[in-house]
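Visitor: Give me coordinates for this.
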Amino acid sequence: MPTSVPTPRPTPTSGPTTWDPAHLPDQTGRTHVVTGATAGIGYFAAEQLAAAGAHVVLASRSATKLATAVAAIEREVPGARLDTVVIDLASLASVAGAAT
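Guide: Below is the predicted model:
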């Protein structure tokens, strides 16, 4: 029985913007909320967005870790516009409290 081979999708090679996480488009005037912003990929995303001019809201369960992350980003990105919110996304009460 013959098997069908899926046709590969074309890879975009040009266009108005090419994604490069080291050189994000200008984010001035935009606000981004980054969950897990105290470590790993969340921290990297928050730092890169701040460097691109965004107002970044760092979200995490730990106020202590948020303070550490803010200090680190401010060292790397002087003038970064940052806010924090303590939130546990597994708790509806925490989400409701953070939303207010």
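Visitor: CA atoms for contacts and neighbours, from now on please.
Guide: Noted.
Visitor: Count the neighbours of the residue nearest to Thr68 when sequence neighbours are not counted for me.
Guide: Among residues not flanking Thr68 along the chain, Thr38 sits closest, at 7.7 Å (Cα to Cα, 6 or more residues apart in numbering). Thr38 has 25 neighbours, counted by other Cα atoms under 10 Å.
Visitor: close enough to count as contact, Thr38 and Ala63?
Guide: No. Between Thr38 and Ala63 there is no contact under Cα atoms under 8 Å: 9.7 Å.
Visitor: Helix, strand, or coil at Gly42?
Guide: Following DSSP: H, G, I helix; E, B strand; the rest coil, Gly42 is assigned to helix.
Visitor: List the buried residues of stretch 73-83.
Guide: Neighbour-count burial for stretch 73-83 flags Ile73, Glu74, Val77, Ala80, Arg81, Leu82 (criterion: 16 or more other Cα atoms under 10 Å).
Visitor: can you put the residues you listed in CSV and add pLDDT and distance to Val95?
Guide: Output for the buried residues of stretch 73-83, formatted as CSV (pLDDT from 0 to 100; distance: Cα to Cα, whole Å):
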residue, pLDDT, distance to Val95
Ile73, 98, 25
Glu74, 98, 26
Val77, 97, 29
Ala80, 97, 25
Arg81, 98, 23
Leu82, 98, 20
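Visitor: distance between the lowest-mean-pLDDT helix or strand in the chain and the chain's centre?
Guide: Using mean pLDDT, DSSP states H and E, helix 92-99 stands out as the lowest-scoring helix or strand of the chain, at a mean of 93. The chain centre lies 20 Å from the centre of helix 92-99; the measure is Cα atoms, centre = their mean, to the nearest Å.
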